[in-house]
Every structure is written in structure tokens, then in C-alpha cells.
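S.K.: Would you be able to build a 3D model of this:
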Amino acid sequence: MRTLITVAWRNIWRNKRRTLLTVASIFFAVFFALIMQSVQTGTYGHMTDNIVHSYTGFIQIHKKGYWDDKDINKSFTLNDSLLALVEKTRNVSAVVPRFETFALASNQEKSKVMMIVGIQPGREEKLTGLNHMVQKGKYLTTSDEGILVGKGAADYLGLNLNDTLVLLGQGYHGASASGKFSVRGIVHMNSPDLDNQIIYMSLKTAQLFSSAEGNITSLSVNLDNPDDVDRTVKEIKNQVDLSQYEVMSWKEMLVEFVQYINSKNASQSIIRGILYMVIGFGIFGTILMMTAERIREFGVMISVGMQKARLMFVVIFESVLIGMVGVISGAVASLPIILYFSHHPVPMGGGMGTAMASYGFEPLFCFAPPQAYFITNALLVLVIVLIASIYPVRKIRKLNVINALHNKI
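M.R.: Numbering: from 1, shown residues only. Prediction:
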């Protein structure tokens, strides 16, 4: 076997120009495919992280029917037994109670409809890391009656630390909801949409503001392994009363976002498919020429005693070695770029950046560090090479030695 590989390696460099052209085509295809897939995986992963970690959590538990209209009249009383039951579920790392509502916020001559999120500060850190997002001021405490305001909203309303913000809305079961709140801190959210409209206050303060003492609108759940979200949802559903509560994964809550990601993944897959189709034809063309030029050589080798099976293995090894050189060189060349930009995301400019921000996503090109897609792309190229090798193998198997010695195909 070692001798066959050595012979194959020497054979591919007998025509250096042709080999280098084939290797170059594989190199550029693998290089661009890996860069493309890294950007795709990283950017969409960053979008998901923005939404899931900044707002929804991987799973939410609501009162039945709440998610359709997000009416605080469909809030429910937080009880320790439900909280403990969800916390004990496998794969659950944190359970975060929230009370969400909307109100008109006013400061001097400016006003804006804002989303109010009542939180338990200690628990919220385990899901969103909100304490690390405070740019100015300080984080909330459990009994704090102040608020945290998104930076975009603070800029629009002209708010600074210790300013007073007036909130006016509708409370639980039609009660009036109004109050004045001191700005304790300004937070910068990764999602521009949230940054422009969010107010955080302690859970008790939000409940008092809305006359809904003891109630919450949702339990947000963080997971140890996000890939097992469907299994975890199923386990929670088996333990809670589904006549009262609904258990939803982030994919069910953000259907439009999931559809957007799937459509983009499909279009990127088509582009990569075309790219690899070009590679396939390039490799097949090289092997076709190589086979046609070496018919007499094959006839001579068989006539002096070399078995056809061993000659087939040599030809296959030649194709595989060309493919491996192209794949490895493409992967090695793309690796430094991917590693660098995985730690230094590239801001999106122009219309694309504006469009991303308008959809509520941070406008960044993010690169995913090397993952399974490196191996997948390498194996795909090698499969293409092996498929292309079928032609010379069939040619050798059916080879007529007399015709081959006369260089007849």
C-alpha cells in the first residue's frame, strides 16, 4: 500500500502545471466555501444569541393564550412549586420570572412607547447578563424603585442618570398605571430594536406599577445545551398543567426569524452547491485528460504483469492526493482569517447595516470559529474526487491491452 501511494504521489507531479491548476481550483473553492459558511454560521448565530439571550430565553412558559396578544390580563401568579419543578428539569441552567407590559414614557417635550420588563435582578444575570450591559450608573437591586433604560431610548428622550421618567399605561384588569421613576442606569443592548424601547425595573416595582402584585407574564428558561431545546420542552410539558400553561421554545415564538434563517441557509447552500459543481467538473476534466494521455502507459504496465486492481488503486490515490492537497491548503489559508474575525466582527455599513438594524439585529458580520463545517466541506470535496475517479477505474477495468499498446482508447 505504501508503495502504491508513493507511485501515485510521483505520478501527479509528472505534469506539474495540470496538477497545480486542479489543486488551485480546489483551493479557492474550499477557501471561499469555508469563509462563506463561517460568516453564515457566525452571523446567524449572533442574531439568535441577540434575541434569545437578550430577551426571550430558549424556552418560555406563559399562561395559555398569552403569546397571541401579550395581554397582561393573561398573567399568572408565580408559585414556588412551578419554579422548582422547572428548575429541576434536566438541561435547565436558570429560570427567570418576568413581568412585561407597555407604557408611554415622557421626558420634558419628548415621549415614546416603551416596553417595560420587570425582573428579579439576581436571576436575570443568569440569562441575559444584564449587569454587564450597564454602561452608565448602576445595576438594579431586588427592592430598587428606579429603572434601567436602553441607550437608544435614553438618547432619544434626552435622559441622563438620576433624571425622572414619567410612565403612563394601562394596568391589570383596566387599572390605571402611572408613575415617576428615577433613572438608575443606562444599558446597551445588542439588539438595536430592544435598545431603542426597553425599560427594566425590579419585578416588585413593575407589579405595583401595573396593579398586578404577585403576577408574572412569563418564565424564561436558559439551557446548558441549547441543541437539546426540543427535548427539554417535551420534558417540561410532561410536568406542567398544559390546560393552564403553554410551553414554547424560541423557535416557536420567533417563527418569522426561523423562516428567515432557513431561507438564507437554503440560498447559501445553493451557492455552495454551484461552487462544488464547478469543482467537480474541473476535477473530472483533469482526470479525463490524464486518463486519455496515459492509455498506452496503462497498457504497458498491465502487459509487464501489474494487476489491474493495483493500477486502479494507484489512479484513485492520485485523485485523492490532489483533492487532499487542495482541501488542506484551502483550509489552512482560511483558518487565520476565520480565527481573527471570529474575535473581531466586521460592522455592516450602508443599506445592509441599516436593514439589519431595522429588523432589530446588531449590524455585524460575525465569523464562527472552526466547527464541524470544516470537516463537512473537506469530506464533500473528497467525495467529489472519488466520484470523478470512477471514470479511470472503469476505463482500466475494461482496458484491452493490445489496443492500449497502440494508444487506442
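S.K.: what number of residues lie near residue 83?
M.R.: 16 (other Cβ atoms under 10 Å). All C-beta atoms are positioned from the backbone trio N, CA, C, and that covers glycine.
S.K.: can you check residue 109 too?
M.R.: 7.
S.K.: Can you check the pLDDT for residue 334?
M.R.: If you check residue 334, the pLDDT there is 91.
S.K.: For it, give me its contacts.
M.R.: 30-31, 34-35, 38 (Cβ atoms under 8 Å, 6 or more residues apart in numbering).
S.K.: Over to residue 106?
M.R.: 157, 165-168 are the contacts of residue 106 under Cβ under 8 Å, 6+ apart.
S.K.: For it, name its beta-bridge partners.
M.R.: Beta-bridge partners for residue 106, by DSSP bridges, are residue 111, residue 166.
S.K.: Residue 76 too?
M.R.: In beta-bridge terms (that is, DSSP bridges), residue 76 pairs with residue 216.
S.K.: thinking again about what came up before, neighbour-wise, which of the contacts of residue 334 leads?
M.R.: residue 30 (28 neighbours).
S.K.: Just the CA atoms of stretch 236-250, as PDB, please.
M.R.: C-alpha atoms of stretch 236-250 as PDB (Å, rounded to 0.1, in the frame of the first residue of the first chain):
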ATOM      1  CA  ILE A 236     -41.300  20.400  30.800                       C
ATOM      2  CA  LYS A 237     -44.600  19.800  29.000                       C
ATOM      3  CA  ASN A 238     -44.800  16.400  30.700                       C
ATOM      4  CA  GLN A 239     -44.600  18.000  34.100                       C
ATOM      5  CA  VAL A 240     -46.800  21.200  33.900                       C
ATOM      6  CA  ASP A 241     -50.500  21.500  33.500                       C
ATOM      7  CA  LEU A 242     -51.000  22.300  29.800                       C
ATOM      8  CA  SER A 243     -54.600  23.300  30.400                       C
ATOM      9  CA  GLN A 244     -53.300  26.400  32.200                       C
ATOM     10  CA  TYR A 245     -49.800  26.900  30.800                       C
ATOM     11  CA  GLU A 246     -48.200  26.900  27.300                       C
ATOM     12  CA  VAL A 247     -44.500  25.900  26.900                       C
ATOM     13  CA  MET A 248     -42.800  27.300  23.900                       C
ATOM     14  CA  SER A 249     -39.300  27.100  22.500                       C
ATOM     15  CA  TRP A 250     -37.600  30.200  20.900                       C
END
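S.K.: Just name the closest of the contacts of residue 106 to residue 202, please.
M.R.: residue 167 (14.2 Å; Cβ to Cβ).
S.K.: related to what we said a few turns ago, widest-spaced pair of the contacts of residue 334?
M.R.: 30 and 38, at 12.2 Å, using Cβ to Cβ across the contacts of residue 334.
S.K.: residue ranges with poor pLDDT in the stretch 51-200 of the chain?
M.R.: Within the stretch 51-200 of the chain, no stretch falls below the threshold (pLDDT under 70).
S.K.: List the neighbours of stretch 176-184 that are in contact with it.
M.R.: Taking Cβ under 8 Å, 6+ apart as the rule, stretch 176-184 contacts 101, 103, 137-140, 144-149, 154, 159-171, 201, 205, 209-211.
S.K.: element containing residue 98?
M.R.: strand 92-107 (DSSP states H and E).
S.K.: May I have the phi/psi pair for residue 58?
M.R.: phi -80, psi -30 (degrees, to the nearest 10).
S.K.: Which positions within stretch 283-293 qualify as buried?
M.R.: 283-284, 286-287, 290-291 (16 or more other Cβ atoms under 10 Å).
S.K.: residues making contact with that stretch?
M.R.: So stretch 283-293 is contacted by 15, 18, 21-22, 25-26, 315, 318-319, 322-323, 384-385, 388-389, 391-392, 395, 409 (Cβ under 8 Å, 6+ apart).
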